[in-house]
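J.: Sequence plus the predicted model coming up.
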Amino acid sequence: MATEANGQSEGGLVFHPMDQFIVKPLFGDGAVGMFTFTNVALWLLLAVACVIALMVLGTSKRATVPTRVQSIAELAYGFVYKMVEDVTGKDAVKYFPYIFTLFMFIVFSNFLALIPTSFSPTSHIAVTAVLGFGVFIAVTALGFIKNGAGFLGLFWVSSAPLALRPILAVIELISYFVRPVSHSIRLAGNIMAGHAVLKVFAGFAAITAVAPLSILGITAIYALEVLVAFIQAYVFTILTCVYLKDALHPSH
Amino acid sequence: MATETTGTASACVGPDGSAIGMPQLCADWMPNQIFWLLIALIAIYFVLSRIALPRIATVLAERQGTITNDLAAAEDLKQKAVEAEEAYNKALADARAEAQEIIAKNKAEMQAELDKAIAKADAEIAAKAAESEKAIADIRASAVESVEAVAKDTAGSIVAAVGGQADDAAIAAAVDAQLKG
């Protein structure tokens, strides 16, 4: 067991697909405390830096005829703005900065995670659960603040026959509380699974006979992951819009 | 020993530095992740809501304004072009009418002159014809006179030749009677 720390260099079939998700302190050894500067912190702050680079530095010229970076920033703005307007309604535009924050954070975390040897914060359930439950709690609170007890009308399906309504209310209630769970696990699961599969394919590359196939597989999965990185950010954002719409207009 | 090489002391990492189970479910690491996530989210939110989003909104509004202005200006210019075309057409029509008028006037003048010339020529022709007629009448009259004189002379000569004593008056009367006769 002397070579355990670099088992991959032996050339044998060694799979450690989950090792990439280990949280490590970047400076010094020791336990991971709450405020330790870890690889999670690094890649989260890199995402912040990328958002600032795109949205602030990219638009610093305020050009009427936009530069390339500025048009990407404007494209992102327009994309999410239209989504909020279309899905949630015009009265939800004041919540647009929150939703845009979520979108930009997830999209940059996902894409930065695609850089080889990087760390993917959005593959961690702790991260996505904070996002998902944050949306859930905010939306529920907003629903009660805006509509009072009328928000409970969301669970009372008035278009259904009276006899069915209590049963439907139970189902609606359960589905409502499952929302944050599915919301966060969908994102974490997708990112984690994709990256783990990449690692498994990479493990096969150690065998010369299947190495070409493995590299082809890595390429294909990587392409899929690029797609997933964007789609998951999109899905997370649009579901946030849908939940927000339920809070603002609880009637079915 | 092995934990020294990996540098992580955690219940979630095995002695060989690889993960035990899913690192995602390691409770030891969660406070750290949540803390930094909140930092990141708050940073992004403030940067976006304070700087980036108002700026982009302004830029988009300005661009929309510029586009609207340009469209209005284009509409204006188009209107002007239409007006200019109308003015041109009108000028063309005017010029044509004027030309028509000038042509008609010239024609009338020419006709008048022509008529005048014809009338003058007619008058000249008539005068010449009258003169000629008079000349012919004169010639005729003088011819009759000459015939009379010749006849009288001839008659006198004949009478003398025959041997008679010719009385001029009687001869003239006789010739006149013969000529009328």
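T.: Looks like it arrived, so ask away.

J.: who's in contact with A:Phe105?
T.: By CB atoms under 8 Å, 6 or more residues apart in numbering or on different chains, the contact set of A:Phe105 is A:47, A:51, A:131, B:40-41, B:44. Heads up, the C-betas are built off the backbone N, CA and C, glycines and all.

J.: what's the farthest-apart pair in the residues you listed?
T.: The widest separation within the contacts of A:Phe105, taken as CB to CB, falls between A:Val51 and A:Leu131 and amounts to 15.0 Å.

J.: Which one's more surrounded, the two?
T.: A:Val51 (25 against 22; other CB atoms under 10 Å in any protein chain shown).

J.: wait, does the helix or strand harbouring A:Gly134 contact chain B?
T.: Here A:Gly134 sits within helix A:125-147, counting by DSSP states H and E. Yes. Residues of helix A:125-147 contacting chain B under CB under 8 Å from any CB of the partner chain: A:125-127, A:130-131.

J.: Out of those residues, who's the most crowded?
T.: A:Val127 (29 neighbours).

J.: Which positions in the longest helix along chain A come out as buried?
T.: Ranked by residue count and defined by DSSP state H, the top helix of chain A is helix A:165-204. By 16 or more other CB atoms under 10 Å in any protein chain shown, the buried positions in helix A:165-204 come out as A:165, A:169, A:172, A:179-180, A:183-184, A:186-192, A:194-204.

J.: What ranges does the chain have for its helices?
T.: Went with chain A since none was named. Ranges of helices within chain A are A:39-52, A:68-83, A:96-112, A:125-147, A:165-204, A:211-248, based on DSSP H.

J.: switch to chain B, that's the one I care about
T.: All helices of chain B, identified by DSSP H, fall at B:2-6, B:30-47, B:53-162, B:168-180.

J.: Determine which stretch of the ones you listed is the most buried.
T.: helix B:30-47 (a mean of 19; mean count of other CB atoms under 10 Å in any protein chain shown).

J.: and the angle from that helix to helix B:53-162?
T.: Angle of helix B:30-47 versus helix B:53-162, following axes from the mean of the first three to the mean of the last three CA atoms, to 10 degrees, is 40 degrees.

J.: Can you list the helices and strands that helix B:30-47 packs against?
T.: Helix B:30-47 sits against helix A:39-52, helix A:96-112, helix A:125-147, with contacts defined as 3 or more CB pairs under 8 Å, 6 or more residues apart in numbering or on different chains; DSSP states H and E.

J.: which residues does A:Leu26 contact?
T.: A:37-39, A:41-42.

J.: Kindly recompute the last result at 6 Å.
T.: Shown here is A:Leu26, whose contacts under the criterion CB atoms under 6 Å, 6 or more residues apart in numbering or on different chains are A:Phe37.

J.: Check the spacing between it and A:Ile115 real quick.
T.: Separation of A:Leu26 from A:Ile115 (CB to CB, to the nearest Å) stands at 16 Å.

J.: Same question for A:Phe204.
T.: Applying CB to CB to A:Phe204 and A:Ile115 gives a distance of 21 Å.

J.: ok, now B:Ala61?
T.: From B:Ala61 over to A:Ile115 the distance is 36 Å, taken as CB to CB.

J.: Next up, phi/psi of the nearest residue to A:Val69 once chain neighbours are set aside, please.
T.: Ranked by CB to CB, 6 or more residues apart in numbering or on different chains and with sequence neighbours excluded, the top spatial neighbour of A:Val69 is A:Gly58, at 3.6 Å. Backbone torsions for A:Gly58, taken as degrees, to the nearest 10, come to phi -70, psi -30.

J.: what about A:Gly58, how many residues close to it?
T.: 21.

J.: correct me, but it touches A:Ser71?
T.: No. Using CB atoms under 6 Å, A:Gly58 is not in contact with A:Ser71; the gap is 8.9 Å.

J.: ok, now which ones touch A:Asp86?
T.: By CB under 6 Å, 6+ apart, A:Asp86 has no neighbours at all.

J.: Run through the residues that contact residue 55.
T.: Just so you know, I chose chain A. So A:Met55 contacts A:73, B:52 (CB under 6 Å, 6+ apart).

J.: should've been chain B
T.: Here B:Arg55 is in contact with A:Thr59 (CB under 6 Å, 6+ apart).

J.: follow-up on the earlier one: among the residues of helix A:125-147 next to chain B, which one lies nearest to A:Arg62?
T.: Of the residues of helix A:125-147 next to chain B, the one sitting nearest to A:Arg62 (CB to CB) turns out to be A:Leu131, at 31.1 Å.

J.: any idea how far the closest one is from A:Ile99?
T.: 12 Å.

J.: Kindly report the same for A:Leu57.
T.: Applying CB to CB to A:Leu57 and A:Ile99 gives a distance of 22 Å.

J.: Mind checking which of the two has more residues around it?
T.: A:Ile99 (24 against 14).

J.: Enumerate every residue touching that one.
T.: A:Ile99 neighbours (CB under 6 Å, 6+ apart): A:84, A:240.

J.: Could you list the low-confidence segments of chain B?
T.: For chain B, applying pLDDT under 70 flags the ranges B:1-10, B:166, B:181.

J.: Roughly how far does the residue of it positioned farthest from its centre sit from B:Ala170?
T.: Within chain B, B:Gly163 marks the point farthest from the mean C-alpha position, 105.0 Å out by CA atoms, centre = their mean. With distances taken as CB to CB, B:Gly163 is found 16 Å from B:Ala170.

J.: For the closest residue to B:Pro31 other than its chain neighbours, grab the count of nearby residues.
T.: Computed as CB to CB, 6+ apart, the closest residue to B:Pro31 that is not its neighbour in sequence is A:Met34, at 4.2 Å. A:Met34 is flanked by 12 other residues according to other CB under 10 Å.

J.: right, and A:Met34 touches B:Phe35 too?
T.: Yes. Contact criterion CB under 6 Å: A:Met34 and B:Phe35 qualify, at 5.2 Å.
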